[in-house]
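Q: Sharing a sequence plus its predicted fold:
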Amino acid sequence: MEGSDGITELPAEMEWLLAREEIAALLHRYAWHFDRNEPEQIAELFAEDAIIDYGPEFPPIRGRSRIAGAIRPGLQERFAATSHHISNLLVVPAGSHRATGTAYVYAWHRYRDGSPDGYLWGQYRCGFVRDVEGWRIQEMVLAVAGTVDFHRAAMHPIGRRE
Amino acid sequence: MEGSDGITELPAEMEWLLAREEIAALLHRYAWHFDRNEPEQIAELFAEDAIIDYGPEFPPIRGRSRIAGAIRPGLQERFAATSHHISNLLVVPAGSHRATGTAYVYAWHRYRDGSPDGYLWGQYRCGFVRDVEGWRIQEMVLAVAGTVDFHRAAMHPIGRRE
Amino acid sequence: MEGSDGITELPAEMEWLLAREEIAALLHRYAWHFDRNEPEQIAELFAEDAIIDYGPEFPPIRGRSRIAGAIRPGLQERFAATSHHISNLLVVPAGSHRATGTAYVYAWHRYRDGSPDGYLWGQYRCGFVRDVEGWRIQEMVLAVAGTVDFHRAAMHPIGRRE
């Protein structure tokens, strides 16, 4: 399997399996750094023009350079500990340098102020983009199936049929 | 790597990685459509002669054409929201067009009648079959490690050694 | 893609995807056998010189031959049921026969003595080694983000930044 330039190329299916692994790793690193209170390392997972929408009561965070500052207060002051368990990844390629994808998240939160632990069952709905350095998250919307004792009331719904 | 017909073939290990990804996606779509209350789309993930055993107090659902009707009442009338978190996938190939597999499920359920949220920790034990359109679930048995405030009493056990 | 010995070789990226799948399966089998109370089968997943550190109040278990005996009492006498949900796998290759990796675990525990169910949100931090029979776990350290009603007080922390 050699390309027209004589360089050995992987079949497209294999390229795609590798891309899917890198995309999964992005979300796993997101959880890892979130749970370790490392907002700067979270920001590095995103594309320069990324949008994060944890809304609806928060305006979306626009641009990688604003991510660390926007999430630092919550990580630092609200939570004493968190754990974000990512699963159910579905990725859809959109050309060789873009993809969309969804993953489930089950998140546990312990609060600094002694409030009861908060639980969230939700989904990350993402766009991904590949640049010369690898894959990055370009868009992340948090949709929520439900919560228990969570500190936020309004969340984007997952769109369950009535 | 060209096959006897001159068509480039993937090595068997690669075919198997691709199959495993498709099988994982089947279970992730099962959760996705379950949690969005879309019984018709759930049915499409199954083979025509599929069997689902949520038992033991329910008789198995036999045949794809009966799946949507069998699960619609629960999705529609019992649950206000659910979230099914799939993990721990183990797949065993059985030839090129069949496989068996197990996955864990952690499921959260909110009830329409205001009962306390129900929690389930279990396993899907599945058979998979590949036809011209791709992989399908042919058999699904729900085995359960335990529950809290779940609306069902008897479940197939996971077989923990006494 | 033939190697210098004329045997068809997989590209390195593909070898690595296969290795990653085998490593994931090791952790999924660990959960499977733990939750079925099968300590002998757990031991078989580890290298002969393996170290497991569930500490800090327990000394590390050193050597595969000591694993089953060390974990059997807890599985047999303390727990009536457990479910270990593994996710967030990140694997880093270290040559062709070694790797390090982390995975998240969400674990539910039902106690024989009727204590309230115990919950744990944590991480397995592992070293893996490949011998002629395949990949094995060589090192496993349990780090914990938090617990609710768990029977142990002191656990290795995940290293959240203050």
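A: Sure, I can see it. Numbers count the residues shown, from 1 in each chain, chains lettered A, B, ... in the order given.

Q: The residue of chain A found nearest chain C - nearest residue in space that isn't next to it in sequence?
A: Of chain A, the residue with the smallest distance to chain C, taken as CB to the nearest CB, is residue A:83 at 3.5 Å. For the C-beta atoms, the positions are set from N, CA and C on the backbone; glycine is no exception. Take residue A:83 and drop its neighbours on the chain: the residue closest to it by CB to CB, 6 or more residues apart in numbering or on different chains is residue C:121, 3.5 Å away.

Q: since we're on the one you found, how many residues are nearby?
A: 26 (other CB atoms under 10 Å in any protein chain shown).

Q: List the buried residues of the longest helix belonging to chain A.
A: As assigned by DSSP state H, the longest helix anywhere in chain A is helix A:12-35. By 16 or more other CB atoms under 10 Å in any protein chain shown, the buried positions in helix A:12-35 come out as A:14, A:16-21, A:23-35.

Q: can you give me the strands in chain A?
A: Remark: strands assigned in chain A by DSSP state E are A:46-53, A:61-62, A:79-93, A:98-111, A:118-131, A:134-148, A:156-157.

Q: Low-confidence ranges, chain A, go.
A: Within chain A, the set of residues satisfying pLDDT under 70 comprises A:1-9.

Q: which residues sit in contact with residue A:27?
A: Counting by CB atoms under 8 Å, 6 or more residues apart in numbering or on different chains, residue A:27 makes contact with A:86, A:89, A:103, A:124, A:126, A:137.

Q: Look up how far residue A:145 lies from the residue in chain A that chain B sits nearest to.
A: Nearest residue of chain A to chain B (CB to the nearest CB) works out as residue A:121 at 3.6 Å. Note on residue A:121: its distance to residue A:145, by CB to CB, to the nearest Å, is 5 Å.

Q: Now do the contacts for residue A:106.
A: Contacts of residue A:106 (CB under 8 Å, 6+ apart): A:84, A:85, A:87, A:119, A:120, A:121, B:83, B:85, B:106, B:108, C:106.

Q: Could I have the buried ones of the residues you listed as PyMOL selection syntax?
A: This is how PyMOL selects the buried members of the contacts of residue A:106, with burial counted by 16+ other CB under 10 Å:
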select buried, (chain A and resi 84+85+87+119+120+121) or (chain B and resi 83+85+106+108) or (chain C and resi 106)
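
Q: Take the contacts of residue A:106 and lay them out in TSV including distance to residue B:65.
A: Below are these laid out as TSV (distance: CB to CB, whole Å):
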residue	distance to residue B:65
A:84	39
A:85	36
A:87	30
A:119	38
A:120	37
A:121	31
B:83	28
B:85	29
B:106	30
B:108	30
C:106	36
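
Q: since we're on the closest residue to residue A:151 other than its chain neighbours, how many residues are nearby?
A: Leaving aside its sequence neighbours, residue A:151 sits nearest to residue A:118 (CB to CB, 6+ apart; 6.0 Å). By other CB under 10 Å, the residues close to residue A:118 number 19.

Q: of the contacts of residue A:27, list those near chain C.
A: residue A:86 (CB under 8 Å from any CB of the partner chain).

Q: quick revisit: between residue A:121 and residue A:145, which contacts overlap?
A: Listed as contacting both residue A:121 and residue A:145 by CB under 8 Å, 6+ apart are B:83, B:108.

Q: returning to what we had before: which residues does the residue of chain A closest to chain B bridge with?
A: residue A:106, residue A:146 (DSSP bridges).

Q: How about the contacts made by it?
A: A:104, A:105, A:106, A:144, A:145, A:146, A:147, B:83, B:85, B:108.

Q: burial measure for the fifth one, as a count.
A: Translated: residue A:145. 23.

Q: again with the fourth one
A: As a burial measure, residue A:144 scores 21 neighbours (other CB under 10 Å).

Q: which ones are touching residue A:56?
A: Residues near residue A:56 by CB under 8 Å, 6+ apart: A:154, A:155, A:156.

Q: which parts of chain A sit against chain C?
A: A:1, A:8, A:10, A:14, A:17-18, A:21, A:24-25, A:28-29, A:31-32, A:35-38, A:81-87, A:106, A:108, A:110, A:117.

Q: make it 6 Å
A: Contact residues, chain A versus chain C (CB under 6 Å from any CB of the partner chain): A:17-18, A:25, A:28, A:31, A:35-37, A:81, A:83, A:85-87, A:108, A:110.

Q: May I ask you to confirm that residue A:60 is in contact with residue A:66?
A: No. Assessed by CB atoms under 6 Å, residue A:60 is found out of contact with residue A:66, at 10.0 Å.

Q: Pull the number of nearby residues for residue A:40.
A: If we define neighbours as other CB under 10 Å, then residue A:40 has 11 of them.

Q: ditto for the one 5 residues further on
A: For residue A:45, the number of neighbouring residues by other CB under 10 Å comes to 21.

Q: Please apply the same query to residue A:91.
A: Count around residue A:91 with other CB under 10 Å applied: 20.

Q: contacting residues around it?
A: Listed by CB atoms under 6 Å, 6 or more residues apart in numbering or on different chains, the contact set of residue A:91 reads A:20, A:23, A:99, A:101.

Q: Report the spatially closest residue to it, excluding sequence-adjacent ones.
A: Using CB to CB, 6+ apart, the nearest residue to residue A:91 is residue A:101, at 4.0 Å.

Q: Name the residues linked to the one you found by a beta bridge.
A: Beta-bridge partners of residue A:101, as defined by DSSP bridges: residue A:91, residue A:126.

Q: I figured it hits residue A:127, correct?
A: No. If you go by CB under 6 Å, residue A:101 and residue A:127 don't touch, sitting 8.0 Å apart.

Q: Report the distance from stretch A:71-79 to the chain centre.
A: Offset of stretch A:71-79 from its chain centre (CA atoms, centre = their mean, to the nearest Å): 17 Å.

Q: can you check stretch A:124-143 too?
A: For stretch A:124-143, the distance to the chain centre is 7 Å (CA atoms, centre = their mean).

Q: nearest to residue C:74, of the contacts of residue A:56?
A: If you rank the contacts of residue A:56 by distance to residue C:74 using CB to CB, residue A:155 comes first, at 38.3 Å.

Q: Quick check: closest non-adjacent residue to the closest one.
A: Here the residue nearest residue A:155, using CB to CB, 6+ apart, is residue A:144, at 3.8 Å.
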